[in-house]
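> Could you look at this predicted model? Sequence included:
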Amino acid sequence: MHPALSIIAFTTASGLGYGLAAVLGLGLLDPTSVATKIAHFAALALISAGLLSSTLHLGNPQRAWRALSQWRSSWLSREGVMAILTFIPLCIAAYGAIFQSRYLPIAGLLGTLGAAVTVYCTSMIYASLRSVQAWHTPLTPACYLLFAGAGGSLLGLFFAASGGGNVLVLSVLSVVLLVAAWVLKWLWRQHMLSQVPLSTPESATGLGFIGKVKLFERPHSNDNYLTSEMGFRVARKHAAKLARLSVLLGGVVPVAAVAPLPLSGAVNPAFAVLLAIVAVLSHAVGVLTERWLFFAEARHAVMNYYGH
């Protein structure tokens, strides 16, 4: 599949935003702190930026609102509906923290629940596609949820280190979620690499009973939407290097930065903030790499007709 930068940016930014919103919704940051007030703005900004970037991939972005009407059958529509509904408790919780310096538990918990459901709907856009075998597994939504939680915990840790909450609790939570996310991603990748294709040129053409089917000629000489969007290929050796790089930047470096952070915060708060920044930035780059591979390595069944 073609790795569209707008979708990669959308899933990464919105995941970080919803993860941070969940941390705020659980009351893990001090609502009286200036850093927590900024965190609410940051969560809403990341979510909004992610959702807006997703419209760049549409042929007619001005008609994006029409997708909301198909919520009974479309995960894309459900994602849009949930994103809008989740903004209500998130904005109420932000109002309480920013203007009243209070944590509003009902709004916060509803916001956390809405954030989790929205991320799940996003992941199911891909996991529900039987035509892309690598995505069609329960591991896909689990990975999306864990990455959102890990990224949100790291962002929450940054704001906590800046004076907004319990650094120790968020450090432990960040490490646990980071390890869980990358272990599950490793399992997802092993599952993808070990898959036996369900759809083959033989099954697609119905000529398998004759023998091995080989492409004699492409259906047409010019590229079209299918070949440009679903015919992307990446060499396995390059994919393996990028996979290792994503784990290093997205998991190993953040864990190494977070581990000494509680002690550093007690001794040198400024250094603790610097470690948190390193962890967040490194994790974001690692997740961007992981998302690029998520699309680049996926093979759509329609490519059976194009010799891919």
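Done, it's in. Numbers count the residues shown, from 1 in each chain.

> Assign the residue located most distally from the centre of the chain to helix, strand or coil.
In terms of distance from the mean C-alpha position of the chain, I210 ranks first, at 43.5 Å (C-alpha atoms, centre = their mean). On the three-state scheme (DSSP: H, G, I helix; E, B strand; the rest coil), I210 is labelled coil.

> how about it, phi and psi?
Note on I210: its backbone torsions stand at phi -80, psi -40 [degrees, to the nearest 10].

> That one: what's it in contact with?
With C-beta atoms under 8 Å, 6 or more residues apart in numbering as the criterion, no residue contacts I210. Where you see a C-beta, it was placed from the backbone N, CA and C, and this is true even at glycine.

> How about A257: what's its closest non-neighbour residue?
A279 (4.0 Å; C-beta to C-beta, 6 or more residues apart in numbering).

> For the helix or strand harbouring that neighbour, buried residues please.
If you go by DSSP states H and E, A279 is part of helix 269-296. By 16 or more other C-beta atoms under 10 Å, the buried positions in helix 269-296 come out as 272-276, 278-296.

> Which elements pack onto it?
Applying 3 or more C-beta pairs under 8 Å, 6 or more residues apart in numbering; DSSP states H and E, one finds that helix 269-296 contacts helix 5-25, helix 139-159, helix 167-193, helix 236-247, helix 253-258, helix 261-267.

> Out of those helices, the one nearest G111 is which?
For the helices and strands packed on helix 269-296, the distance to G111 is smallest for helix 5-25, at 4.2 Å, taking C-beta to C-beta.

> so where is this protein shaky, pLDDT-wise?
Within the chain, the stretches with pLDDT under 70 are 1-3, 54-68, 197-205, 207, 213, 215-236, 265-267, 300-308.

> how about a cut-off of 80?
1-4, 6, 52-72, 164, 195-237, 264-267, 298-308 (pLDDT under 80).

> What is the burial count for the closest residue to A42 other than its chain neighbours?
Spatially, and ignoring its direct neighbours in sequence, A42 is nearest to L20 (6.5 Å; C-beta to C-beta, 6+ apart). Applying other C-beta atoms under 10 Å, we find 28 residues neighbouring L20.

> Quick one: residues contacting L20.
Neighbour list for L20: A39, A42, A43, L46, G151, G152, L155, G156 [criterion: C-beta under 8 Å, 6+ apart].

> I'd like those as a markdown table, with neighbour count and distance to S194 appended.
As requested, the contacts of L20 are exported to a markdown table (neighbours: other C-beta atoms under 10 Å; distance: C-beta to C-beta, whole Å):
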| residue | neighbour count | distance to S194 |
| --- | --- | --- |
| A39 | 27 | 41 |
| A42 | 19 | 39 |
| A43 | 29 | 38 |
| L46 | 23 | 35 |
| G151 | 31 | 28 |
| G152 | 32 | 31 |
| L155 | 28 | 34 |
| G156 | 31 | 36 |
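
> Mind putting the helices and strands packed on helix 269-296 into JSON lines with distance to W71?
Below are the helices and strands packed on helix 269-296 laid out as JSON lines (distance: least, C-beta to C-beta, whole Å):
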{"stretch": "helix 5-25", "distance to W71": "18"}
{"stretch": "helix 139-159", "distance to W71": "18"}
{"stretch": "helix 167-193", "distance to W71": "27"}
{"stretch": "helix 236-247", "distance to W71": "33"}
{"stretch": "helix 253-258", "distance to W71": "36"}
{"stretch": "helix 261-267", "distance to W71": "42"}
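
> Show me the one of those that comes nearest L104.
helix 5-25 (9.4 Å).

> Now that closest one - C-alpha only, CSV.
Taking C-alpha atoms only, helix 5-25 is exported to CSV below (Å, rounded to 0.1, in the frame of the first residue of the first chain):
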residue,chain,number,x,y,z
LEU,A,5,2.2,11.1,4.5
SER,A,6,-1.1,12.7,5.5
ILE,A,7,-2.5,9.4,7.0
ILE,A,8,0.8,8.7,8.7
ALA,A,9,0.8,12.2,10.3
PHE,A,10,-2.9,11.8,11.2
THR,A,11,-2.6,8.5,13.0
THR,A,12,0.6,9.6,14.8
ALA,A,13,-0.6,13.0,15.9
SER,A,14,-4.1,12.0,16.9
GLY,A,15,-2.7,9.0,18.7
LEU,A,16,-0.4,11.2,20.8
GLY,A,17,-3.3,13.7,21.4
TYR,A,18,-5.8,11.1,22.4
GLY,A,19,-3.2,9.4,24.6
LEU,A,20,-2.4,12.7,26.4
ALA,A,21,-6.2,13.4,26.7
ALA,A,22,-6.6,10.0,28.4
VAL,A,23,-3.8,10.8,30.9
LEU,A,24,-5.5,14.1,31.7
GLY,A,25,-8.9,12.4,31.9
